[in-house]
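Novice: when you get a sec, could you give me coordinates for this:
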Amino acid sequence: MDPVTNPYAPGAGTRPPELAGRDEIRRRVTTCIARLIRGRSDKSVLMVGLRGVGKTVLLDQMRKDVEAIGARTIRIEAPEDRSLPAILSPQLRVALLSLSRVESAKGLAKRGLQALAGFVSAMKVTYKDIQVGIDAEAIPGLADNGDLESDLSDLLETCGQAAKSAETALVIFIDEMQYIEELQFGALISALHRCNQKELPLTVIGAGLPQLLARAGNAKSYAERLFDFPMIGPLDSESAGVAISKPAIEEGVEFEAEAIERIVEHTHGYPYFLQEWGKHAWDVAEESPITAKDVQSATVTALAALDESFFRVRFDRLTPAEKRYMRAMAELGPGPHRSGDIASQLNVKVTSLGPTRNNLISKGMVWSPSHGDTAFTVPLFDEFMMRIMPTE
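Specialist: Modelled structure (predicted):
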């Protein structure tokens with residue numbers, strides 16, 4: 001098979017050739033934004049899911065979807081070591097400059113830039129990582145009090161007013177939201193609440209690991225009334241099969257039914273893994289149709305590629321104690337696992353593992369589906385831990 005025409009695209013945030021099984025959630029978000037543009041309120045959407053389910057790809061596609069119906073958008077990713085004001089301010093500047101070119105919104109967009117100037121000046125005292133220049137004179141008393149919750153509410157309100165005057169909606173897309181510090185997350189939720197109360201067309205479409213739901217609830221008790229939290233999981237067998245077969249058919253290549261079954265079985269329907277297996281099955285096969293035997297050979301190279309990149313980059317961030325904790329989880333299976341069972345596996349007291357578990361949650365390696373339970377955030381990581389650390 002010609003590797004040049006290989007259609008599969010494993011990569012961080014790389015759009016697959018066929019975005020299968022996600023039509024419903026895309027429609028949900030497009031409907032939400034269409035309602036906002038028309039002056040109607042709706043809950044926003046914060047998607048939650050494990051690594052490798054395609055949340056980043058979905059965010060980028062949703063952004064294209066809502067821009068196609070007239071929305072203005074910005075997109076940010078929340079890293080572990082940056083503040084929300086630092087990553088949000090430059091993008092809001094871009095959005096307000098864009099709105100200022102709409103005649104009906106020019107005055108309110110200018111006021112938004114003045115609010116942003118005051119916000120940045122006030123926040124630099126607390127969040128020293130803010131680096132953005134604003135060519136506008138701040139209005140004393142507008143978003144410049146130095147209190148994040150109050151100032152961010154003022155700022156987003158002015159942005160929402162500008163969007164409304166331009167007869168559009170401003171949609172803030174945020175990836176990796178689990179890394180937003182709780183106080184800052186609470187301020188964002190409060191600001192969105194104000195916009196919702198004032199019927200302003202500004203909202204957030206976000207994505208993060210499963211702990212995002214608990215973090216939102218901890219930040220503000222009314223978060224569940226502002227957002228829907230759809231769980232983005234692996235694809236069902238039919239959608240997974242389409243994700244594999246359709247790109248190949250468009251290149252004049254077919255998969256045997258058994259070959260597709262084997263790929264779905266190995267990947268458990270996770271979109272990132274489907275792309276990895278599809279790529280390696282294509283490269284291994286000599287001709288069409290691609291067979292189950294080709295998939296068997298491809299499994300060796302696909303796992304090696306995952307071990308070297310997708311899994312290893314996460315493993316290398318762990319301390320020795322964290323690796324032992326994860327290895328003990330792997331010994332128990334895919335999970336989730338009770339904290340007591342993990343402690344028994346390590347032959348230590350449950351209380352001694354608290355700091356290690358909390359660090360792993362902070363790093364996005366594990367999460368707690370329910371009180372006392374711990375689960376991997378990375379699918380198939382238990383199998384990887386058994387390979388990389390064959391003995392406990």
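Novice: which strands or helices does the strand or helix carrying Val295 pack on?
Specialist: Using DSSP states H and E, Val295 falls within helix 292-306. Secondary-structure packing of helix 292-306 (3 or more C-beta pairs under 8 Å, 6 or more residues apart in numbering; DSSP states H and E): helix 257-267, helix 271-284. (Each C-beta comes from the backbone N, C-alpha and C, glycine too.)
Novice: who touches stretch 259-272?
Specialist: 10, 16, 50-54, 57, 234-237, 239-241, 243-245, 255, 273-274, 276-278, 281, 289-292, 294-296, 299, 302, 310, 379-380 (C-beta atoms under 8 Å, 6 or more residues apart in numbering).
Novice: what's the answer for stretch 226-240, then?
Specialist: By C-beta under 8 Å, 6+ apart, stretch 226-240 touches 20-22, 25, 28, 43-50, 53-55, 58, 189, 192-193, 196, 207, 210, 212-213, 216, 243, 263-264, 267-271, 274, 379.
Novice: I'd like to know how many residues surround the nearest residue to Gln131 once chain neighbours are set aside.
Specialist: Nearest residue to Gln131 in three dimensions, chain neighbours excluded: Ala86, at 7.1 Å (C-beta to C-beta, 6 or more residues apart in numbering). Ala86 has 20 neighbours, counted by other C-beta atoms under 10 Å.
Novice: check Asp81 too.
Specialist: Asp81 - counted by other C-beta under 10 Å - has 7 other residues nearby.
Novice: and the gap between it and Leu46?
Specialist: Between Asp81 and Leu46 the computed distance is 22 Å (C-beta to C-beta, to the nearest Å).
Novice: likewise Gly372?
Specialist: 25 Å.
Novice: those two: which has the busier surroundings?
Specialist: Leu46 (21 against 13).
Novice: so what's the more buried one scoring on pLDDT?
Specialist: pLDDT recorded at Leu46 is 96.
Novice: pretty sure it is touching Pro210, no?
Specialist: No. Checked against C-beta atoms under 8 Å, the pair Leu46 and Pro210 is beyond contact range at 11.2 Å.
Novice: quick check: closest non-adjacent residue to Thr319.
Specialist: Asn359 (7.6 Å).
Novice: pretty sure that neighbour is in a helix, no?
Specialist: Yes. Applying DSSP: H, G, I helix; E, B strand; the rest coil, one finds Asn359 inside a helix.
Novice: next one: it relative to Leu99, how far apart?
Specialist: 42 Å.
Novice: Arg317 reaches Leu360, doesn't it?
Specialist: No. With contact defined as C-beta under 8 Å, Arg317 and Leu360 do not form a contacting pair (10.0 Å).
Novice: quick one, which of these two is more surrounded?
Specialist: Neighbour totals were compared for Arg317 and Leu360, and Leu360 leads with 23 against 11 (other C-beta under 10 Å).
Novice: burial count for the closest residue to the more buried one other than its chain neighbours?
Specialist: The shortest distance from Leu360 to any residue other than its chain neighbours is 4.6 Å, reached at Val366 (C-beta to C-beta, 6+ apart). Val366: 29 surrounding residues under other C-beta under 10 Å.
Novice: circling back: the more surrounded of Asn359 and Leu99?
Specialist: Leu99 (24 against 16).
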